[in-house]
Structure formats: structure tokens, C-alpha cells
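[1] Everything below, folded, please.
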Amino acid sequence: MRQSITAKILVTILSTLIVPLSIAGFWFYFDLQNSLKTIESERGVSNLTAAHQMFDFIGSQMSSNAKTNAYWEEHHTAIAEGDTAFLEDSVLSVIDVVVSLSSVYVADLDGEVLAKQEHQPLNLDSQLPKMIEQMGKEMSLTGLVRSERGLQMVTLSKVTNEEGTAQPNGVLMFTRDVNEKFLETVQEVNKTDITVFDGEKVVSTNSAFDQSTAAALAQQVKGSAEPQVLSTASKQGQHTESADQLLDIYGQPIGFLATETISQTGAQLREKLLFTAAVAGVLLLGIGGLLAVLFYNSLSRPLRRIGGEMARVASGDLTNSKEAVLLTGSKRQDEIGEITQAFLAMRDGLRTLVQGVHEGSYHLSENSREFAASTEEARGSLQMIAASAEDIRSLVDRTFERVGEAAGHLDTLSDQAQMISGHAETAVNAAGQMKAAAGDGQQLVDRSIGTMGEISQSSQESEQKVLALQSVAEEIILMVDRIKAVSKQTGMLALNASIEAARAGEHGRGFAIVASEVGKLSDQTRVTTEEIEVLVERIKHSVLDVGETTGLLRHRLADGVDAVQATGSAFAEILRHIGAVEGQIAQIRREAGKQETITETGAEAVFGVKEMASEMVASVEETTAATEEMVAMVHTIAENSNSLADLAEELQENAGKFKM
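    The predicted model follows:
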């Protein structure tokens, strides 16, 4: 499926700029979420630590109050003397003064309760011996203890004098309910919801706490050495829950202490980040649209225009269209401008080439047809020469036979003297016939010389036309070389554009595609010019063959003229000898008395004529053979001329497919 280069460039921009930015934005967003989660988790741990510290602080305050009353000589003396009434009054006054206390116990070191005051029964009497044992040699102990009323903050202090030098003889214990009021005190300081689970009962400042999950959370916390933190994003903000083990006064886990906070900072920051991302996305889309318009105007439109013109040229239309005029008027100095100029130069060169080929093939076809007609005429003339040569040979054969007969008569002349006059008359008649035949032969020879001269002149004209065809073929080859040079330059430009696009990486992929398409068009042009070059080479070789054949014909004609001229000379010699024979025979007839001398002279003359006749027969045979060979050569020239004309017409037809 065809895609616009603008779309490809925009896809490249999206893949190399917008998509990475979006990925980076998402990564930043989720990283910020994780960072906020980590911060809130650390904050949750910090809140949990602060809650523990607040528990310890409240316990230390209770311990301080307990010590103030335990380090009292009167308490020490009352325990020693078993004055329970004093102890009851003291315990009552303490619980009335410190309203936050839920109970006050006084016991001996064995854990036996001597006096106590409770707002509600706690039933901690049974645990006093164990707690006193847990104190050991320490003067005080603070921690958490489960009671019938729920979890209690307990502090124990041994009773001694004000200086602490007296031997402790009892224990003073203060308790405080770990209830909602207690947790609200912690919440006021920590600014966070507090939840306490003692294994049986849940106490929390968060009314939305799901108490059904307390037991499972206690088991989860019990099996972990580190606090458990869960931080999630909600509509209200960053919701963080933290939980840690809750240890009793003996150091044993009995439940968990949990804190819960909701931070608005993360939600606000997330909303601002999402708003910023949306604005950035809109801006990126606007920038992408603007880039699409810019790339379309600067790349896609010119390349579509060039592609349309290339397709039009590939279809054979070399005329100037509106798009071609716009391309010609382009003043761009970039790679597209170079491609445009190279394409226009290639189109103009191709148009000039096609015009030259069309005109040259037309002239070549006309000249070839004329040359073929001339060679056919020469062939007819040569056939006539061959026929005349046959006649001459027939006459010479007859002459040779008669000379032989004359020689036979001369041999028997001495024995037939009485028939000298008759034979002399016969010889005179034969000499007359020989003279007439020789005259006819000489006329035929003269006509042959004239015809051969005309053939030679026609051959020279054909050779000139062949040279002209060679010149036209050379010009065509030069034009093809120019087109090949332009195609090669276009290929080099496309290669350079591909290299530059490769250097540009993903940003240059679109230019690499354009350069690849231009390189393909350049290769197609190169292949076309090579085909034209091969065709022109064939024409050139055919023209060279015709030129060689014409030159060979001209040389053969020259040889034929020489041979015919030699034959004419031989005929002249024959005429001269026949005249001599005729005179001798007349002298024989006039001087019959000198028969012997005249007979000898006649015999010599007849033998000379016989030899010359023999030579003339050989010369005529050579002339006939040369004429037949010349006829075959002229026939070959005619066939080559017709082939050349057919090739020229084929070339003209191919060139005519282009629309100028």
C-alpha cells in the first residue's frame, strides 16, 4: 500500500520524539507515584515510631508520678507497719488528683495487694507477682497489660524513702486505660489516626477501620520483624497504613499498633502532573500538525510533482506540462532542487536524443533504400556484362576453331597448291568474319567499361552515404554517452543523498526512500540508454559492413575495368592481326607464284592468332568469373542495405513512440 512520505516522516517524528517523550512522561509519572508511595511509607513508619514514642512518653509521665508517691517515707513506714488505712487514704487521694488513672495499687514485694482503688474492676491482682518478678532489681517498670476492661498502660515503682536509700518493701502501681481518649492524646501530637489491637479488642480513632481484619493483620505483623506499610492512591489523597507489633510489659507480642494518614500533597501533585501532561500532549499534537503541513509543502508536494513527471516521461511523453513548467521555475537549492534539475536535464537530453534518433533513422532509411535500388541497378548491369562476356567467349571460341582450321589448311598447303585460290578466298571470308566479330567484341568491351564506370561512381556515392550514416551513428553514440553521464550523475546524487540520509539515522529515513526511488529511475534510464547504445552499435556495424562491402565492390570494379580494358587491347591486337592475315591472304591470291613463302608467313600468322585467341579465351573467362563474383557482392550489398533500412525504420518507429 502506497504511503505518503509526509506520513512516514510524521511517524518517524512520533516514534523518535513524541513516543519517547510520552514514555518518559509515563515513566516520570509512575516514578513519582512510587516516590510518593515511598515517602508516605517512610512517613508511615515515622508516624508509627512517633506513636511508640508517645506511648513511651505517657508511660514515662506515669512512671514519674508513681515515683513521686513511691519515694515517700510515710508510704514506706505504712507498708512496714501494715497500716492499710493510711495506704487506702493515700491511694484514694492519688486517684482523685490524677484523674487520668484507672486504678492505683499498693502491694508488698510478694505481690500481695495491701490497698487499691479502681474506677472499675481490672482484676490485675493475679498479675502483680509476675510483674514484680519482671522488675527484678529495677526500681520501676512501665508497659502494657491486658485486663478485663481492656488494654492498660501500667507503671510500677518500688516504695522507698525520699532519698531512695531505704530498702524497698512494697510496690506502687498506676494504671491507665488505653482507650479512645488515650489514643486521641497521641493523635493530637502525631496528627494521625491511631489503632490498637490487644489480641481481643480494637481501639481506634478511625471510625472507618474494619475491625474484622484486625486478627489477620495481627498475625501478619507478628511474623514480621519490620513494620508493615501499605500506601495507596485514592480520591482523597495518598492513603498510608502502618502497623507494628504491640509488646506487653513482659516483652511478648499481644497485638499491633497501627497508624493511618491521608496526604493531599500526592493527589494535588498528581493532578498537576496530569494537567501538565495533557497540555504538553495538546502542544505536541499541534506541533505535529504544523510539521505535517510544513513537510507536505516542502517535501511531499515537490516529490509528488517530480514523481508524476517521471511517470509521464517513462510513458514516453516528453512534452512540457504545467507541472514541468512549475519544476523548471523552482529555485530550490537543496537536494530536491538538485534532483529536479537533474531530472529536467535528463528529460531535455532524452528529448534531444529521441529527436536526433528519429531524424537520423529517417535519413538512414531513405539513403539505405536508395542505395539498395542503386545496387539492384548495378546488379542488372553486371548481369548484362556477364551475358556479353559469354557472347565474347563464344565468338573467341569460334575464332580459335577457325584459326585451328587455318593452321590445318596451311599444313597441307604444300600438298594442295592447286586449291590455294579457293582456300585463300575462304581465308579472306573467315578473316572478314573474325574482324566483324572482333569489332563487336571491342564494342561490348567499351560498353562494359562505361557500365563499370557508372557502377564505380554509384559505389562511391554509396560509400559517401555510408560515411554519412557512420557520422550520424557516432553522433547518436555521443548523445547516448551524455545521457549515460547524466544518469550516472543522477545515480551519484541519489547515492550521496542515501549516505546523508543514513548519517541522519531515523530522521533521514524519508530522504533515503526518495534517494532510493531516484536511484531506481536513474538505473532504468541507464538501462534504456544501454539498449539504445546496443541498437546504434548494431546499426554502426551494419553501416561498417556496407562500407566495407562498398569499398570491396569499388576495388573489384576497378579490377574488372582493368580486365575489360585488357580485353579491349586484346581485341585491338586481334583486329590488327586479322588485318595482317587478310593482307597476306590477298597477297597469296595475287602472288600465287610465291606460294611457299606466303604459306610459311600465313602459318606463322595463324599460329600467332591461335595463341592470342587462346589468351583471349582465358581473359574472357576471368572477366566472366569476376563479373559473376561482382554480381554476388552487389546482391549482398543490396540485402545489407535493405536490412539497414529495416533497422532504421524500426529505430524510427521506436523513436516515434515518444511524444515531443
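[2] only C-alpha atoms for contact and neighbour calcs from this point on.
    OK.
[3] Count the neighbours of Pro227 for me.
    For Pro227, the number of neighbouring residues by other Cα atoms under 10 Å comes to 18.
[4] Now for it: which residues touch it?
    Counting by Cα atoms under 8 Å, 6 or more residues apart in numbering, Pro227 touches 45, 221, 242-245.
[5] quick check, nearest of those to Val145?
    Gln245 (14.3 Å; Cα to Cα).
[6] How about residues contacting the helix or strand that contains Leu151?
    Element membership of Leu151 [criterion: DSSP states H and E] is strand 150-159. Here strand 150-159 makes contact (Cα under 8 Å, 6+ apart) with 59, 62-63, 66-67, 70-72, 75-76, 139-146, 168-179, 198, 201, 249.
[7] next one: stretch 87-97
    So stretch 87-97 is contacted by 75, 78-79, 101-106, 114-117 (Cα under 8 Å, 6+ apart).
[8] In ChimeraX, how would I select the buried members of those residues?
    In ChimeraX, this line selects whichever of those come out buried by 16 or more other Cα atoms under 10 Å:
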select :75,79,101,102,103,104,105,106,114,115,116,117
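[9] from the contacts of stretch 87-97, which ones fall inside strands?
    Those of the contacts of stretch 87-97 mapping onto strands are 103-106, 114-117, per DSSP state E.
[10] Leu48 - how many residues pack around it?
    By other Cα under 10 Å, the residues close to Leu48 number 25.
[11] Then the one 4 residues further on?
    His52: 17 surrounding residues under other Cα under 10 Å.
[12] if we can go back for a sec, and the contacts of strand 150-159, which of them are in strands?
    140-146, 170-177.
[13] Against Asn65, how distant is Gly59?
    Taking Cα to Cα, to the nearest Å as the measure, Gly59 falls 10 Å from Asn65.
[14] Residue ranges of each domain in this protein, please.
    Per automatic domain parsing, the structural domains of the chain span 46-262, 340-416+440-574+594-655.
[15] Now the terminal residues of the shortest one, how far apart.
    Domain 46-262 stretches 14 Å from its first residue to its last (Cα to Cα).
[16] okay, the closest residue to Asn179 other than its chain neighbours: pLDDT?
    Of all residues not flanking Asn179 in the chain, Val203 sits nearest, at 6.1 Å (Cα to Cα, 6 or more residues apart in numbering). On the pLDDT scale, Val203 is placed at 93.
[17] element containing Val203, please.
    Following DSSP H and E, the helix or strand that holds Val203 is strand 202-204.
[18] packing partners for that strand?
    The contact analysis (3 or more Cα pairs under 8 Å, 6 or more residues apart in numbering; DSSP states H and E) places strand 202-204 against helix 180-190, strand 193-197.
[19] Throw the ones you listed into JSON lines and include mean pLDDT, mean neighbour count and distance to Gln127, thanks.
    Below are the helices and strands packed on strand 202-204 laid out as JSON lines (pLDDT from 0 to 100; neighbours: other Cα atoms under 10 Å; distance: least, Cα to Cα, whole Å):
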{"stretch": "helix 180-190", "mean pLDDT": "89", "mean neighbour count": "17", "distance to Gln127": "23"}
{"stretch": "strand 193-197", "mean pLDDT": "92", "mean neighbour count": "25", "distance to Gln127": "20"}
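[20] With respect to Phe55, which of these lies nearest?
    So among the helices and strands packed on strand 202-204, helix 180-190 is nearest, using Cα to Cα, at 7.6 Å.
[21] counting contacts, what elements does the closest one pack onto?
    Judged by 3+ Cα pairs under 8 Å, 6+ apart, helix 180-190 is in contact with helix 19-70, strand 193-197, strand 202-204.
[22] what does the last one contact?
    Counting contacts by Cα under 8 Å, 6+ apart, the residues outside strand 202-204 that touch it are 178-180, 183, 193-197, 211, 214.
[23] about what we covered before: from the contacts of strand 150-159, keep the buried residues only.
    For the contacts of strand 150-159, a burial check counting by 16+ other Cα under 10 Å picks out 59, 62-63, 66-67, 70-72, 75-76, 139-146, 168-179, 198, 249.
[24] And stretch 204-221, end to end?
    Termini of stretch 204-221 sit 17 Å apart (Cα to Cα).
[25] let's have the chain start at 565 instead
    Got it, the first residue is 565 from now on, which makes the last one we talked about stretch 768-785.
[26] Going by neighbour count, list what's buried in that stretch.
    768-769, 778-779, 781-782, 785.
[27] do stretch 612-624 as well
    For stretch 612-624, the neighbour count (16+ other Cα under 10 Å) marks 612-616, 618-619, 622-624 as buried.
[28] how about CSV for the residues you listed, with distance to Gln1021 added?
    Formatted as CSV, the buried residues of stretch 612-624 follow (distance: Cα to Cα, whole Å):
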residue, distance to Gln1021
Leu612, 126
Thr613, 127
Ala614, 129
Ala615, 131
His616, 132
Met618, 135
Phe619, 136
Ile622, 141
Gly623, 142
Ser624, 143
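[29] can you list those in TSV and add pLDDT and distance to Leu821?
    Below are the buried residues of stretch 612-624 laid out as TSV (pLDDT from 0 to 100; distance: Cα to Cα, whole Å):
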residue	pLDDT	distance to Leu821
Leu612	87	8
Thr613	90	10
Ala614	90	11
Ala615	90	8
His616	90	8
Met618	90	12
Phe619	92	10
Ile622	93	15
Gly623	93	16
Ser624	94	18
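[30] Max pairwise distance over the residues you listed: which two?
    Leu612 and Ser624 (18.2 Å).
[31] related to what we said a few turns ago, so which of the buried residues of stretch 612-624 is the closest to Gln1053?
    Of all the buried residues of stretch 612-624, Gln1053 sits closest to Leu612, with 79.1 Å by Cα to Cα.
[32] Now do the contacts for that closest one.
    By Cα under 8 Å, 6+ apart, the contact list for Leu612 reads 806-808, 821-823.
[33] Could you measure from it over to Thr759?
    In terms of Cα to Cα, Leu612 sits 10 Å off from Thr759.
[34] what touches both of the two?
    With Cα under 8 Å, 6+ apart, Leu612 and Thr759 have common neighbours 821-823.
[35] I'd like to know which of these are part of strands.
    Counted as lying in strands by DSSP E, out of these, are 821-823.
[36] can these go into CSV with extra columns for neighbour count?
    Formatted as CSV, these follow (neighbours: other Cα atoms under 10 Å):
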residue, neighbour count
Leu821, 24
Ala822, 28
Thr823, 29
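[37] Quick one: those residues as a markdown table, columns for distance to Glu1193 and pLDDT too.
    Listed next are these as a markdown table, based on distance: Cα to Cα, whole Å; pLDDT from 0 to 100:
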| residue | distance to Glu1193 | pLDDT |
| --- | --- | --- |
| Leu821 | 130 | 91 |
| Ala822 | 127 | 91 |
| Thr823 | 126 | 90 |
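[38] still on that earlier bit, so which of the helices and strands packed on strand 766-768 is nearest Gln1007?
    Of all these, strand 757-761 sits nearest to Gln1007, with 147.3 Å by Cα to Cα.
[39] Direction included, what does the closest one pair against?
    Paired strands of strand 757-761, with direction, are strand 766-768 (antiparallel), strand 817-827 (antiparallel) (DSSP bridges).
[40] okay if I get those strands as JSON lines plus distance to Met699?
    Shown next, in JSON lines, are the strands paired with strand 757-761 (distance: least, Cα to Cα, whole Å):
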{"stretch": "strand 766-768", "distance to Met699": "28"}
{"stretch": "strand 817-827", "distance to Met699": "18"}
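[41] mind checking which of those is nearest Gly1017?
    Each of the strands paired with strand 757-761 has some distance to Gly1017 by Cα to Cα; the shortest is strand 817-827, at 122.3 Å.
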